[in-house]
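Output the structure for:
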Amino acid sequence: QVQLVESGGGLVQAGGSLRLSCAASGRTFSSYVMGWFRQAPGKEREFVAAIRWSSGKTSYADSMKGRFIISRDNAKNTVYLQMNSLKPEDTAVYYCAAKRTYIDVPTQNYDYWGQGTQVTVSS
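Numbers count the residues shown, from 1 in each chain. Below is the predicted model:
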């Protein structure tokens, strides 16, 4: 059974940084894409970034480019989201998700989800 467990969220001041982790277990993820999404109160869940586990190819939402970096550690079966220059509008619950093969943006195309980790950015 696939399990995705996020960690690393918390409270940070605007301009600060956080690194989120997503520990994946339950199967071999070499053919999978791992994505990060976020959902702010009253808003729909939105795509943040994704990475193909095998090749390391990445994709970012336009508003995150240059500030967020997604990476993976194959040995630890863990995906990271380094978030820099954080803004109050980055406040949201951040979710890790997984799907097969190709990087995709729509949330409904991801098959597995973690429980989420709260990120709060104070002004």
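
CA atoms for contacts and neighbours, from now on please.
OK.

Show me the beta-bridge partners of the residue nearest in space to the middle of the chain.
In the chain, the centroid-proximal residue (Cα atoms, centre = their mean) is residue 36; its distance is 2.3 Å. Residues in a beta bridge with residue 36, per DSSP bridges, are residue 49, residue 96.

now residue 113
With DSSP bridges as the rule, residue 113 is bridged to residue 97.

Surely it and residue 97 touch.
Yes - between residue 113 and residue 97 a contact is recorded at 4.4 Å, counting by Cα atoms under 8 Å.

out of the two, which sits in the busier spot?
The neighbour comparison of residue 113 against residue 97 (other Cα atoms under 10 Å) goes to residue 97, with 26 against 21.

which residue ranges form the strands in the protein?
Ranges of strands in the chain, per DSSP state E, are 3-7, 10-13, 18-25, 32-39, 46-52, 58-60, 68-73, 78-83, 92-100, 112-113, 117-122.

Could you point out which of those strands sits nearest residue 106?
strand 46-52 (7.2 Å; Cα to Cα).

So what touches that closest one?
Residues outside strand 46-52 that contact it (Cα atoms under 8 Å, 6 or more residues apart in numbering): 31-39, 57-61, 64, 70-72, 101-107.

among those, which ones are buried?
32-39, 58-60, 64, 70-72, 103-105, 107 (16 or more other Cα atoms under 10 Å).

ok, now how distant is residue 43 from residue 67?
Going from residue 43 to residue 67 by Cα to Cα, to the nearest Å gives 21 Å.

Show me which of these two is the more surrounded one.
Taking other Cα under 10 Å, residue 43 and residue 67 do not tie; residue 67 has more neighbours (12 against 9).

Can you name the residues that contact that one?
83-86.

filter those to the buried ones?
83-84, 86.

List just the nearest of the residues you listed to residue 24.
The nearest member of these to residue 24, counting by Cα to Cα, is residue 83 at 19.8 Å.

Mind pulling up the pLDDT for that closest one?
We note a pLDDT of 98 for residue 83 in this prediction.

Give me the pLDDT value at residue 6.
Reported pLDDT for residue 6: 97.
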